[in-house]
Structures are given as C-alpha cells and as structure tokens.
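Visitor: output the structure for:
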Amino acid sequence: MSWAGKLLGGAFGFLLGGPIGALVGVAFGHNFDKGMERVAASIGWEPGNQQRIQTAFFTATFSVMGHIAKADGRVTADEIRMARAVMDHLQLDANLRKAAEKLFNEGKKSAFPLDDLLQQFRQEVGRRTTVTQMFMEIQLQAAFADGKLDPVERKILLHIASALGISRPLYEQLESMVRASAGQPPGQRGRQRPTLESAYETLGLKSTTSDAEIKRAYRRLMSQHHPDKLVAKGLPEEMMKMATEKTHQIRTAYETIQEVRKK
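Guide: Numbering: from 1, shown residues only. From the prediction side, this is the model:
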C-alpha cells in the first residue's frame, strides 16, 4: 500500500511542521488528532522515515511546480496542461489529485516560502541524492512544458538546485537530459527513437565521449533512476511510473548511440 493509501495526510503534516507541514495541512485538511502523535511514534515517524520523506516529496513537488509556473508573472495553458498531465500520468486518485491541485495553487501565491520549504525538504531527504535529483528533473520537465525554458524560470531553477546542494555542472547535465525530451507529455518520453544529438543530451554526454565513459554514464544513470531503489529511498510509489519512463528513455538513448558507433 502506498503512503497516500494510509490516509494519514493532514495529521502527519502537523508532525512534520514547518512550511511543508503547513502545506500538507492545506492540501489534505487539518485532520489532526493529538492521539496521532502516539501512532506516529509507534511507526517511527522520525526524520529519515520513508513515509515522512514521501510526504515531503509529494508536497514539495507540486507546490514548487506551481511556483515555477508563476515565475514569469503568469501561468500559461501549456504549464497547466503539463501539471495536469503529470497528475494523470501518476494516476492519482480523486483525493490525491485534489491535494496536488491545491499544492500547485499554493505555490503560485506571492507569499510562497520557497527558501524555507527547500531548506526543510533538503533536511528531510538528507543524503539521498538520487531522490533530490529526481525532484529536480520533475521541476525541469514542468518548466519545459512548452518546449523551451524561460530565462526567469531558469534563474529560479538554478536557485532551487543551489538550495538543494546540486552543483552547477550537475544541474547543467540534468537540464540537458530533460531538454532532449522537451515538449513531450508524460507517458510519451522515450517511445520514439531519439536523434543522435538528443541521445547524447539524454545521457548528459558529448559526441566526443569515449565508449568506456558512455557505458559508465549509462550504468550510473540506470542505477540512479531504478524505480525500486528510488521508492526505497523515499520516492512516493505513485511516482514510480516517472522513474520507469526515465530508465526507458536512458536505455533507448544508449542503444541509439551504440547502434551508430558499431557501424
């Protein structure tokens, strides 16, 4: 059963505290009962707890997505479609979809506490760098909803990356990977054979990269995006599809490069 299926939502939001806890309360409702403190303690609701990280990930994902969408002063139809497509792709049930929409709208508000939320999210995730990178990739995919990256959006994305401890070179690599599938809706990425150029971009490499380096990059990316590993580290189970889709995209890009190099 997924974390959301346990229907702990708003109650555990209070136990999380901070801006994430406040957003959970808005999204799921303030259904807090002080008796839940004892329940939380009995299941180990401490920092690093998988369900706690999943709650923080889900909450941060959709609220920050809304904030980025409003970065240039208005939310475009493409950005709204992308947010809805992500929700559709995740097959969120009615309650979760409603919560995701509320979080997206909270992120659009001028008083949205981006820096405080990112600081708390980083604390909750800890050293789970693959989870942090997956979060960044999702935000990049949303920002590329219309096939391009607005300069204002890029400035915020760079700020987010820095706040989460993602280096500039790694951010550039993630941006390159996402740009390779820019404009493709969730569920379609990786289904079409990529061009050789976009295949290299997907792996974050250049055409001059050696065969050995390409193989190492491929194996590293496949390990980082392995759905079961990501869920074990705190990725909500509802988001496994995105991780699975990403591994397919990485594999297709690698096969495209290999086919050309073997000729």
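
Visitor: what's the longest helix in the protein?
Guide: The longest helix of the chain (DSSP state H) is helix 240-261.

Visitor: other SSEs contacting that helix?
Guide: helix 77-89, helix 129-143, helix 196-202, helix 211-224, helix 227-233 (3 or more CB pairs under 8 Å, 6 or more residues apart in numbering; DSSP states H and E). Glycine gets a C-beta too; all of them are placed from N, C-alpha and C.

Visitor: now the last one: buried residues?
Guide: Pointing back at helix 227-233 there. For helix 227-233, burial by neighbour count (16 or more other CB atoms under 10 Å) applies to 227, 230, 231, 233.

Visitor: hmm, back to that, tilt between the longest helix of the chain and helix 77-89?
Guide: Helix 240-261 runs at 100 degrees relative to helix 77-89, counting by axes from the mean of the first three to the mean of the last three CA atoms, to 10 degrees.

Visitor: could you give the separation of helix 240-261 from the chain centroid?
Guide: Centre-to-centre, helix 240-261 and its host chain are 18 Å apart (CA atoms, centre = their mean, to the nearest Å).

Visitor: of the helices and strands packed on helix 240-261, which is nearest residue 110?
Guide: Nearest to residue 110 among those is helix 77-89; the distance by CB to CB comes to 17.2 Å.

Visitor: what residues of the closest one count as buried?
Guide: Residues of helix 77-89 classed as buried: 79, 82, 83, 85, 86, 87, 89 (neighbour count, 16+ other CB under 10 Å).

Visitor: repeat for stretch 162-179
Guide: Buried-residue list, stretch 162-179, by 16+ other CB under 10 Å: 164, 166, 171, 173, 174, 175, 176, 177, 178, 179.
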